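Q: Model the structure of this input:
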Amino acid sequence: MALISIGILLAILFLLLILQSSQSRQKSEAIESQMNELRRDLQSVATAQAQSTGQLETIAKGVAQRLDSVTPALQDAIRNSAQSPAR
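A: Take a look at the predicted model:
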């Protein structure tokens, strides 16, 4: 009788071990899925940042060109106002 009880106990413990292993595997798969999703999101953010950086560089070049064209006009205006007689 004791041998049967030990056998049943071992069978129950074995089933619990299998159940726990299955749950651990499911948790690992869920974590792996979340990590993959985070990697994709990070890649999307990096791509968007690179595109934004390129757009900012284009804007900065445009602003610099406009400033370069305004500077001579301002210098001419200052020169002309200095040469004009005071009223």
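
Q: Show the low-confidence segments of this protein, by residue range.
A: Within the chain, the segments meeting pLDDT under 70 span 84-87.

Q: Please, which helix or strand holds Ala73?
A: Taking DSSP states H and E as the definition, Ala73 sits inside helix 2-83.

Q: same for that helix, what does it pack against?
A: With contacts taken as 3 or more C-beta pairs under 8 Å, 6 or more residues apart in numbering; DSSP states H and E, helix 2-83 sits against no other helix or strand. Yep, even glycine has a C-beta here, placed from its N, CA and C like the rest.

Q: can you give me how far that helix is from the chain middle?
A: Put simply, helix 2-83 sits 2 Å off its chain's centre (C-alpha atoms, centre = their mean, to the nearest Å).

Q: Next one: Pro1 from Leu13, what distance?
A: Careful, residue 1 is Met; it's not Pro. Noted for Met1: a distance of 19 Å to Leu13, by C-beta to C-beta, to the nearest Å.

Q: Let me fix that, I meant to ask about Thr53.
A: 59 Å.

Q: And for Gln26?
A: 21 Å.

Q: and what of Gln49?
A: Taking C-beta to C-beta, one finds Gln49 at 53 Å from Leu13.

Q: What of Ser69?
A: In terms of C-beta to C-beta, Ser69 sits 84 Å off from Leu13.
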